[in-house]
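Novice: 3D model of this:
(2 chains)
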Amino acid sequence: MTVTLPRRAARRAEAPPVDLAEHGIHRDPVNHDPLGSATFSQRLVQRAAGLFNKGTTRRSFLTRTAVLGSALAVGPIDFILKPGSAYAYTCGTCSDGWTAFCCTINSGRNSCPPNSFVAGWWKADNAAYCCGAARYIIDCNATCPTQCSCRCAGGSCDGRRTCCNQFRYGQCHTEIACYGPVVCRVATCTPPWRYDPSCTTSSATDNKTVNHGAPCLTTDCGTPISKKYDALGGASGFLGAPTAAERANSDKRGRMRTYQGGNIYWTSSTGAHEVHGALLTEFGKQATVNGVLKYPTSDTRTSSDKKSKYNNFEGGRIYYRGAAGTFTVPKPHFTKHEALGGIHGFLGYPKSNVLTSKDQKSRYQNYVGGRIYVQGSRVVEIHGAVFTKHEATGGVAGPLGYPISDLSSAGDNRGKGQWFEKGFIWYTATLGAHGLWGKINDRHLANGNVRGYLRYPTSEPTPVGDGRGTYATFERGNIYASTTTDGFQVHGAVLTAYLNTYGGPQGSLGYPLSELDPAGTSGGRFQRFEGGRLRYNSNGTVTLVS
Amino acid sequence: MKLESHGIETDLPPGWEGRIGVRTQPTADTRAAGEVSAIGAAREVPHPIVHLANFALPEQRGDFGSGAVDLMGAEDVLVVLFEYGPECADTALFKRRGIPKNLTPSMFSSSALQRTLPGQAGCQIFFTEAGRAFCSYTVLGRQANALRVLPQANDTLSRTRIAPR
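Specialist: From the prediction side, this is the model:
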């Protein structure tokens, strides 16, 4: 609650501007005496002053004030639940002559409100508020022309006044001569010249104010966050001035504080770390500490290739690459990415956030060199020519379905293979990548896959064109399959005769019904087809048997 | 009685007392162990402070007179000369030249006080003298008595000299 103190218009005409600048007096000419031109003094200040006016001695007044202060002016809340040492703080009333703290009048923010500027500071030594170190009080004076009126701040336990005291400590913003009344006071353990670089180090001391407090002020003494802030240069650093008091997060696990240029987050297990800029924006999109990333485990770092900046988090990492974008790599994608060399591996930088597949069965992330799919506990990468081939065949919605293994060596010192839900993709540097699925893949696997006779595929399963069957070509033969026949391998002279003499699957022989028999006692080898048998003779010729 | 220290000299009229000093301790930046020791940033720099009064100054005083102003009577006046670092000299706030020696009642305001107290009035004048930046802060125990006590303050200020550093 605030109490407005209307000007005494009915009894006193508005004071004309009083410009005393030529004398070195820079009080706002249009607000030369906020107290003298308002009813403020009658209502509150002079209520106490009445003791003087009625002949009470100065000392008895002071004694009474002190007793009143002792009785009422101790904060009801100590700081035992807050960081730092527990202590009681001194409350303030509208009649005690002091100005309220900014957090009382500035929506909880311990910073100068609009239309005011950092105009000077003093310190109080041995402050419990700052764990025995100096406590700094920074005055925020109104800018000229003054936009505020003298009134009581009305805060619980900080009922001090605002916009009444035309006083300036003068160490800050000395390029600004004109000043209005003190709007409010910032309390901090950060030296003012770090809080605002315009402030000089010229020291002023007033130890009587050491315990001035307000419920909205927290201790600021040596919390991990304040240490981190100091270590990063305080207000002179990239974080700039604080914009709110340090606070506990709703997860009851960590704390945070916001600054003009970023945030600092802390937990006992992660320590205090800053997040700023585009990385902070992305962190916000990920619900900050309440999202998958949880708390930062590093400050912003620059990658060894100098191409990105990143923050590590308990739940992953965020990369910033300027115009290339800022993307979150959460676990388990992050763990997989790192295991594959991270940004220096074949996947390279992320180029999307994690996306959900159209079939809702996976969460995947795109990288410059490929993709990582997560399905339940299965985390699989796909990259390079295999990734391109998989996409060309319809991706996870195509005949191969999802990858269920990473690309791995075929064990022949030549090629690689990747297993999918419904097939394989095989790759060699000379043949490229080709996928196999269905009955053709079954046969290829049954016959020893790339280490069998046929070796590597040179095509995908391809429609024969008869509406029945498919075939795939390999380095040393073909496999044919149809809706009514299984897949069978045809190779060598038999394949040549099958294709050139008998018209292939669309010819008189139709689709194969068996593999080529092993060498028999009859001196020949046979392979059965729908329309007859081909005999592979010992002299290398092929004849139709029946 | 003559006072002279830190390049500031004054000859106090009868009934006045004064102090010229520089705070030496405790310093700021002596924060909790290990907190800022590694930063190596600038530290606070105390400069000379002059307190002149026609009443007994208490031992414990704020630089701008807190502790003393609480004790002021109706005829009392306090003059503070607070020095800033040389970087402040001749800036917009300190563009006035010379110690103010002609304070008038119109310069005073019941609002122009570090801590407003009933009946009191204050006047801050920022100035540069001999290349040194100062704030002259004068507090009247009772604004209504300005005409009576200001000549004393002006007299005291007229007896004050600031030498180059």
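Novice: helices of the stretch 151-300 of chain A, start to end?
Specialist: With DSSP state H, counting those that start in this stretch as the criterion, the stretch 151-300 of chain A has helices at A:192-195, A:224-231, A:277-285.
Novice: export those as CSV, with columns for distance to chain B.
Specialist: (Glycine included, C-beta is placed from N, CA and C.) As requested, the helices of the stretch 151-300 of chain A are arranged in CSV below (distance: least, C-beta to the nearest C-beta, whole Å):
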stretch, distance to chain B
helix A:192-195, 6
helix A:224-231, 5
helix A:277-285, 23
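Novice: what's the closest of those helices to residue B:131?
Specialist: Closest approach to residue B:131 among the helices of the stretch 151-300 of chain A is made by helix A:192-195 (21.6 Å; C-beta to C-beta).
Novice: can you give the distance from that closest one to the centre of its chain?
Specialist: Between the mean C-alpha location of helix A:192-195 and the chain-wide mean there is a distance of 28 Å, by C-alpha atoms, centre = their mean, to the nearest Å.
Novice: among the helices of the stretch 151-300 of chain A, which is the most enclosed?
Specialist: Across the helices of the stretch 151-300 of chain A, averaging neighbours per residue (mean count of other C-beta atoms under 10 Å in any protein chain shown) puts helix A:192-195 on top, at a mean of 26.
Novice: other SSEs contacting it?
Specialist: In terms of contacts (3 or more C-beta pairs under 8 Å, 6 or more residues apart in numbering or on different chains; DSSP states H and E), helix A:192-195 is packed against strand A:116-127, strand A:133-142.
Novice: nearest to residue A:201, out of these?
Specialist: Relative to residue A:201, the nearest member of the helices and strands packed on helix A:192-195 by C-beta to C-beta is strand A:116-127, separated by 10.1 Å.
Novice: for that closest one, packing partners?
Specialist: Packed against strand A:116-127 by the contact rule (3+ C-beta pairs under 8 Å, 6+ apart) you find strand A:133-142, strand A:182-188, helix A:192-195.
Novice: how far out from the middle of the chain is the first one?
Specialist: Going back to what we said before, that points to strand A:133-142. Mean-position distance between strand A:133-142 and its chain equals 33 Å (C-alpha atoms, centre = their mean).
Novice: equivalent analysis for the second one, please.
Specialist: Its chain's C-alpha centre and that of strand A:182-188 lie 32 Å apart, by C-alpha atoms, centre = their mean.
Novice: residues contacting residue A:346?
Specialist: Residue A:346 makes contacts with A:340, A:369-370, A:383-384, as judged by C-beta atoms under 8 Å, 6 or more residues apart in numbering or on different chains.
Novice: which residue, other than its chain neighbours, is closest to residue B:140?
Specialist: Among residues not flanking residue B:140 along the chain, residue B:121 sits closest, at 4.8 Å (C-beta to C-beta, 6 or more residues apart in numbering or on different chains).
Novice: what is the burial count for that neighbour?
Specialist: 26 (other C-beta atoms under 10 Å in any protein chain shown).
Novice: what's the answer for residue A:510, then?
Specialist: 22.
Novice: and whichever residue of chain B sits closest to chain A, what element?
Specialist: Proximity of chain B to chain A (C-beta to the nearest C-beta) peaks at residue B:118, 2.8 Å away. Secondary structure here is read from DSSP states H and E; on that basis residue B:118 sits in neither a helix nor a strand.
Novice: residue A:131 contacts residue A:226, correct?
Specialist: No. Counting by C-beta atoms under 8 Å, residue A:131 sits too far from residue A:226 to count as a contact (9.8 Å).
Novice: which one of the helices of the stretch 151-300 of chain A lies closest to residue B:137?
Specialist: Relative to residue B:137, the nearest member of those by C-beta to C-beta is helix A:192-195, separated by 19.2 Å.
Novice: which stretches of chain B have low pLDDT?
Specialist: Confidence mapping of chain B against pLDDT under 70 gives the ranges B:25-42.
Novice: just the helices from it, written as ranges.
Specialist: Residue ranges of the helices in chain B, as given by DSSP state H, are B:146-158.
Novice: residue contacts, the residue nearest the centre of it?
Specialist: For chain B, residue B:80 is the residue whose C-alpha lies nearest the centre (C-alpha atoms, centre = their mean; 2.0 Å). For residue B:80, the residues meeting the contact criterion (C-beta under 8 Å, 6+ apart) are B:49-52, B:63-65, B:135-139.
Novice: give me the number of residues near the residue lying closest to residue A:262 once chain neighbours are set aside?
Specialist: Closest residue in space to residue A:262, ignoring its immediate chain neighbours: residue A:276 at 2.7 Å, by C-beta to C-beta, 6+ apart. Each residue near residue A:276 was counted by other C-beta under 10 Å, and the total is 22.
Novice: pLDDT weak spots in chain A?
Specialist: Segments of chain A classed as low confidence (criterion: pLDDT under 70) are A:1-16, A:36-88, A:220-221, A:520-523.
Novice: okay, now the domains of it?
Specialist: Taking automatic domain parsing as the criterion, chain A consists of the domains A:3-222, A:491-546.
Novice: got the end-to-end distance for the shortest one?
Specialist: Domain A:491-546 stretches 20 Å from its first residue to its last (C-alpha to C-alpha, to the nearest Å).
Novice: and residue A:407, what does it touch?
Specialist: For residue A:407, the contacting residues are A:381-384, A:386, A:416-418, A:427, taking C-beta under 8 Å, 6+ apart as the criterion.
Novice: please repeat the previous calculation with a cut-off of 6 Å.
Specialist: Neighbour list for residue A:407: A:386, A:416, A:418 [criterion: C-beta atoms under 6 Å, 6 or more residues apart in numbering or on different chains].
Novice: leaving out the residues flanking it, which one is nearest to it?
Specialist: Nearest residue to residue A:407, sequence neighbours excluded (C-beta to C-beta, 6+ apart): residue A:418, at 4.4 Å.
Novice: hmm, residue A:433 and that neighbour touching each other?
Specialist: No. With contacts defined as C-beta atoms under 6 Å, residue A:418 does not count as touching residue A:433, sitting 8.8 Å away.
Novice: between these two, which contacts overlap?
Specialist: Overlap between the contact sets of residue A:418 and residue A:433, as judged by C-beta under 6 Å, 6+ apart, is given by A:386, A:425.
Novice: check contacts around residue B:163.
Specialist: By C-beta under 6 Å, 6+ apart, the residues touching residue B:163 are B:7, B:130.
Novice: neighbours of residue B:127, how many?
Specialist: Other residues near residue B:127 number 22, with proximity taken as other C-beta under 10 Å.
Novice: ok, it - contacts?
Specialist: If a contact means C-beta under 6 Å, 6+ apart, then residue B:127 has A:24, B:96, B:134 as its contacts.
Novice: in a markdown table, list those residues along with distance to residue A:314.
Specialist: Formatted as a markdown table, the entries for the contacts of residue B:127 read as follows, by distance: C-beta to C-beta, whole Å:
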| residue | distance to residue A:314 |
| --- | --- |
| A:24 | 57 |
| B:96 | 58 |
| B:134 | 54 |
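Novice: so which of the residues you listed are in strands?
Specialist: Among the contacts of residue B:127, the subset assigned to strands under DSSP state E consists of residue B:134.
Novice: distance between the ends of stretch A:253-270?
Specialist: Criterion C-alpha to C-alpha; first-to-last residue distance in stretch A:253-270 is 11 Å.
Novice: off-centre distance for it?
Specialist: Centroid separation between stretch A:253-270 and its chain, computed with C-alpha atoms, centre = their mean, is 12 Å.
Novice: one more: stretch A:104-112?
Specialist: Centroid displacement of stretch A:104-112 relative to its chain, using C-alpha atoms, centre = their mean, is 27 Å.
Novice: before we move on, what about stretch B:122-138?
Specialist: Distance, centroid of stretch B:122-138 to centroid of chain: 8 Å (C-alpha atoms, centre = their mean).
Novice: may I see the buried residues of it?
Specialist: Neighbour-count burial for stretch B:122-138, with 16 or more other C-beta atoms under 10 Å in any protein chain shown as criterion, is recorded at B:122-130, B:132-138.
Novice: same thing with stretch B:89-97?
Specialist: Of the residues in stretch B:89-97, those buried by neighbour count under the rule 16+ other C-beta under 10 Å are B:89, B:91, B:93-96.
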